[in-house]
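**Q** Could you work out the structure for the sequence below:
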Amino acid sequence: MKKVLIINGGQNFGHSGGKYNATIAENTLDVLRTFENVDVKITNVNEGYDKNEEVAKFVWADYIIYHTPIWWFQLPNGLKKYIDEVFTAGHAKGIYMSDGRTSDNPEINYGTGGMLGGRKYMVTTSWNAPETAFKLPGEFFNETSVDDGPLFGFHRMNAFVSLKKLESFHFHDVEKNANVERDMKLYREHLVKVFEKELQTQYLIL
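**A** Numbering: from 1, shown residues only. As a prediction, the model looks like this:
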């Protein structure tokens, strides 16, 4: 039995009702239910949480799937608070032990003290920005991808606790030019591809 934790970081704040990321999370659950021997837990950050229970979920999971909107080129405040609280509560309790360094040689091995080795994560993001803003010369993000640019710190955060990255999926232009049916179809295909590969690889190893 493989265990998946879905973290829905969508929020009800300002003009956002969190509905788009709720839809993504629902599609994730629907796809995962098509696989045998997959157990799923879901955390909706907007609905509140117990930080110690969330630590236990991270330790329990084989895979963590984050769903987050991007606000002002960063994680929304509720999801950032969740990570700050849960990861800090997970110190020496399964998420991380230290920053990995020793007093004998503090110049090396930073970021090697994570405790979630063997687990993997995936992230989806949703943007008002069109995909072309990241790819076309002269456009806003200077041909820097979501993962290498705005999400660089997020990915290093997960590496710090020893999680291994799976291929991300990014939803673009969701405010001015949304095509939910098309985008969810593409996302579901992506998720099936990722987990077919993951579950087959594990089966062959067994």
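**Q** Looking at strand pairing, list the partners for Val40.
**A** Under DSSP bridges, the beta-bridge partners of Val40 are Val4.
**Q** Can you verify my assumption that it contacts Lys2?
**A** No: contact criterion C-beta atoms under 8 Å: Val40 and Lys2 do not qualify, at 9.7 Å. Every residue, glycine included, has its C-beta placed from N, CA and C.
**Q** I'd like to know which helix or strand in the protein has the lowest mean pLDDT.
**A** Within the chain, no helix or strand scores below helix 180-205, which has a mean of 87 by mean pLDDT, DSSP states H and E.
**Q** Name the residues of that one that are buried.
**A** 183-184, 187-188, 190-191, 194-195, 198 (16 or more other C-beta atoms under 10 Å).
**Q** Disregarding flanking residues, what is the spatial nearest neighbour of Val86?
**A** Take Val86 and drop its neighbours on the chain: the residue closest to it by C-beta to C-beta, 6 or more residues apart in numbering is Glu54, 4.4 Å away.
**Q** for the one you found, what are its contacts?
**A** Shown in contact with Glu54 (C-beta atoms under 8 Å, 6 or more residues apart in numbering): 43, 82, 86, 89.
**Q** count of residues packed around the last one?
**A** What that stands for is Ala89. If you count neighbours by other C-beta atoms under 10 Å, Ala89 ends up with 16.
**Q** Repeat that for Thr68.
**A** 25.
**Q** again with Glu139
**A** Glu139: 13 neighbours (other C-beta under 10 Å).
**Q** Right, I'll call it a day here.
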